[in-house]
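Enquirer: sequence below, structure please.
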Amino acid sequence: MSVVKTLAAALLMGGCAMAMAANDGQTRVNELLNADPQYRDTWQKVVKKEERLPEWVMNLSGAPQQQMNAVEEDGDQYLVGPLCETGQTCLNHRLIVAFSFDKKHAYALLVDVPEGLPADKSPTRHATYRFLGKPDEGMQGLLTETLKKDPNWY
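Expert: Below is the predicted model:
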């Protein structure tokens, strides 16, 4: 009986280790398009129909703010993370990106705040928000909540 328990424990630990490896905190938005052609194809479908997007958004080539995280929305799993135009302009130009685990769907929230906004002015009140990929209300909420988790966003 102890062999069965040991085997079961090993399988459980192995499953946990695989889940942690899938979200080991190493994936960043600016690495996705080079990591897998499926990410690139999906992202190209999202930005192809959009007008006047900056190059760093088109290519997801900005500065990553932090690693991506696994998040669930309406029963589906997504890899979600932020990207900034540059490290210095992050408060002014940022993108929150969500890719489905199957890499077939991508959504984003592009946020622009006027440059030179005084420190006592709330960026949330002066920002323009643009959703990419036609996210439904639930996904819009997920992207917006991810933005609100930034301690510099008030």
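
Enquirer: residue 87 against residue 63, yeah?
Expert: Yes: A contact is recorded between residue 87 and residue 63 when judged using CB atoms under 8 Å, the distance being 4.6 Å. Heads up, the C-betas are built off the backbone N, CA and C, glycines and all.

Enquirer: tell me where the chain has helices.
Expert: Using DSSP state H, the helices of the chain run over residues 2-22, 32-35, 37-48, 55-58, 123-126, 137-148.

Enquirer: now do the last one: distance to the chain's middle.
Expert: If you compare the mean C-alpha spot of helix 137-148 with that of the full chain, they lie 10 Å apart, counting by CA atoms, centre = their mean, to the nearest Å.

Enquirer: in that helix, what's buried?
Expert: The neighbour-count check on helix 137-148 (16 or more other CB atoms under 10 Å) flags 139, 142-143, 146-147 as buried.

Enquirer: can you check the third one too?
Expert: Using 16+ other CB under 10 Å as the burial criterion, the residues of helix 37-48 that qualify are 39-40, 42-43, 46-47.

Enquirer: for it, the averaged confidence score.
Expert: Helix 37-48 shows a mean pLDDT of 97.

Enquirer: let's have the chain start at 56 instead
Expert: Okay, residue one is now 56; in that scheme the one you just asked about reads as helix 92-103.

Enquirer: and that helix, what other elements does it pack with?
Expert: With contacts defined as 3 or more CB pairs under 8 Å, 6 or more residues apart in numbering; DSSP states H and E, the packing partners of helix 92-103 are helix 87-90, strand 161-167.

Enquirer: could you dump the ones you listed to TSV with mean neighbour count and distance to residue 113?
Expert: Formatted as TSV, the helices and strands packed on helix 92-103 follow (neighbours: other CB atoms under 10 Å; distance: least, CB to CB, whole Å):
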stretch	mean neighbour count	distance to residue 113
helix 87-90	16	10
strand 161-167	23	11
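
Enquirer: quick one: which of the buried residues of helix 92-103 is nearest residue 110?
Expert: residue 102 (10.5 Å; CB to CB).

Enquirer: check contacts around the closest one.
Expert: Contacts for residue 102 (CB atoms under 8 Å, 6 or more residues apart in numbering) come out as 108, 112-113, 187.

Enquirer: ok, now how distant is it from residue 87?
Expert: Between residue 102 and residue 87 the computed distance is 13 Å (CB to CB, to the nearest Å).
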